[in-house]
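1. Everything below, folded, please.
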Amino acid sequence: MSSPQPSQKSPVLYGGQAVIEGVMIRGQSRAALAVRRADGIIVRRSIPLETWANSALRGVPFLRGVLVLLETLLIGMKSLTISANEAASDENSEDDQQISTVAMASLLTVSLVLGIGIFFLIPVLVSRVIENAGANDFTANLVEGGIRLVLFIGYVWIIGKMNDIKRVFGYHGAEHMVVHAYEAGEPLTVESVRQFPPAHPRCGTSFLMTVVIVSIIMFMFFPRDPFWFLVASRIVLVPIIAGISYEFIRFAGKHQSNIWIRLINSPNILLQDLTTRQPDDGMMEVAITAIEYAIAMDDDRAVPSDDKSELSSAPFEPVTAAATVTTAAQDPPPTS
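-> The predicted structure is shown next:
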């Protein structure tokens, strides 16, 4: 399989996420999604980026981290909805059941509520018991952060034991490996991609881990009374913590050769042992399809397919001058 090399017009840092039987790669002009259907055929689909997330504000340090996080959640929800429908479909089936956007949004809403309850309320309430037992604010905040960290790592470990999630983690590893290959200027082939590790410094899991660690450090120095302030501070400071965490992940991704950065970022890389798996060749083929499509759209070598999926075997149709896609601000998204 011939593979395009990195675009010469400007350096691009690609990132994305693993979805159901597929991979999404965010480019400058569109997000590219590749999914393997039940019949084994790989299809590709483009997803428009959010205009509000790619304005001049995306160049503002710390604020861009919040924008990237919100956009990642929205595009991720769209990618999951499309991938779930495609993965369950068959080219020869006439009555494929489609998962609606409403159903997927409802599922994500329930997951978000449960996430807030598990990772926010439980640590706060348990640390409140420790505080009432005589612990000072610093100790109670440290206990709260420790509980949040343990819950996060435990959650990742538990879901990683599920067979379906193991496949998603395989695609997660494939996504990281094709990004590594692209950034190294290597050909985007299964044989070439196989030589790279499934962990990546800009991983979204690393971002979440950094959020937890930054929150522990920041909250240790905040008072805990009155109780409403304790709860409000955990909510109000989330965007600030996300902004700081994103800047670190962004910096670490650009300075992978620095020994001190590698040392500080090592817990994030180790965590990816829980969220990635060595992919099989089929998974890497899907990831390669996704990043090739993202590159082709950014280079105006492929017309976006926003309305319906197309076969990955279909040749790219060059974009005409009148239909050139407006590119988004260059800012590296976190990988999944």
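
2. Low-confidence stretches in this structure?
-> The model of the chain has pLDDT under 70 over residues 1-11, 90-105, 107-108, 112, 320-336.

3. mind listing the strands for it?
-> 15-19, 22-26, 30-36, 42-48, 310-311 (DSSP state E).

4. can you redo those as TSV with mean neighbour count?
-> No exception for glycine: its C-beta is placed from N, CA and C like everyone else's. As requested, the strands of the chain are exported to TSV (neighbours: other CB atoms under 10 Å):
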stretch	mean neighbour count
strand 15-19	28
strand 22-26	30
strand 30-36	28
strand 42-48	22
strand 310-311	13
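
5. For I130, which of the ones you listed is the nearest?
-> strand 15-19 (36.3 Å; CB to CB).

6. Go through the strands of the chain and name the closest to F120.
-> Nearest of those (CB to CB): strand 15-19, 23.0 Å.

7. Direction included, what does the closest one pair up with?
-> Applying DSSP bridges, strand 15-19 is found paired with strand 22-26 (antiparallel).

8. Give me the distance from the partner strand to the chain's centre.
-> Relative to its chain's centre, strand 22-26 lies at 9 Å (CA atoms, centre = their mean, to the nearest Å).

9. any chance of the strands of the chain in CSV, plus distance to D164?
-> As requested, the strands of the chain are exported to CSV (distance: least, CB to CB, whole Å):
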stretch, distance to D164
strand 15-19, 12
strand 22-26, 13
strand 30-36, 14
strand 42-48, 19
strand 310-311, 25
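
10. how about those, which one is nearest G170?
-> Of all these, strand 15-19 comes closest under CB to CB, at 7.9 Å.

11. So what's the gap between that closest one and the chain middle?
-> 5 Å.

12. Please apply the same query to stretch 281-291.
-> For stretch 281-291, the distance to the chain centre is 17 Å (CA atoms, centre = their mean).

13. In that stretch, which residues are buried?
-> 283-291 (16 or more other CB atoms under 10 Å).

14. Only alpha carbons, please: show it as CSV.
-> This file holds the C-alpha atoms of stretch 281-291, laid out as CSV (Å, rounded to 0.1, in the frame of the first residue of the first chain):
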residue,chain,number,x,y,z
ASP,A,281,-2.8,-6.1,11.5
GLY,A,282,-6.5,-5.4,10.8
MET,A,283,-6.7,-2.7,13.5
MET,A,284,-3.6,-1.0,12.1
GLU,A,285,-5.1,-1.1,8.6
VAL,A,286,-8.1,0.8,10.0
ALA,A,287,-5.8,3.4,11.8
ILE,A,288,-3.8,3.8,8.6
THR,A,289,-6.9,4.5,6.6
ALA,A,290,-8.0,7.1,9.1
ILE,A,291,-4.8,9.1,9.2
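
15. follow-up on the earlier one: between the strands of the chain, which one is nearest to V126?
-> Among the strands of the chain, the nearest to V126 by CB to CB is strand 15-19 (31.3 Å).

16. can you list contacts of the closest one?
-> 23-26, 31, 33, 35, 72, 76, 79-80, 82-84, 168-172, 174-175, 179, 202, 204, 290-291, 294, 332-336 (CB atoms under 8 Å, 6 or more residues apart in numbering).

17. Put the alpha carbons of it into PDB.
-> Taking Å, rounded to 0.1, in the frame of the first residue of the first chain, the C-alpha atoms of strand 15-19 are listed here in PDB:
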ATOM      1  CA  GLY A  15      -4.200  13.100  17.300                       C
ATOM      2  CA  GLY A  16      -7.500  11.200  17.700                       C
ATOM      3  CA  GLN A  17      -9.200   8.500  19.500                       C
ATOM      4  CA  ALA A  18     -10.200   4.800  19.300                       C
ATOM      5  CA  VAL A  19     -13.900   4.100  18.700                       C
END
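
18. ok so, going back, I'd like to know which of the strands of the chain is closest to P187.
-> Using CB to CB, these put strand 22-26 closest to P187, at 16.8 Å.

19. CA atoms of that closest one as PDB?
-> The C-alpha trace of strand 22-26 is given here as PDB (Å, rounded to 0.1, in the frame of the first residue of the first chain):
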ATOM      1  CA  GLY A  22     -12.400   2.000  14.400                       C
ATOM      2  CA  VAL A  23     -10.200   5.100  14.700                       C
ATOM      3  CA  MET A  24     -10.800   8.800  14.500                       C
ATOM      4  CA  ILE A  25      -8.000  11.200  13.500                       C
ATOM      5  CA  ARG A  26      -8.500  14.900  13.900                       C
END
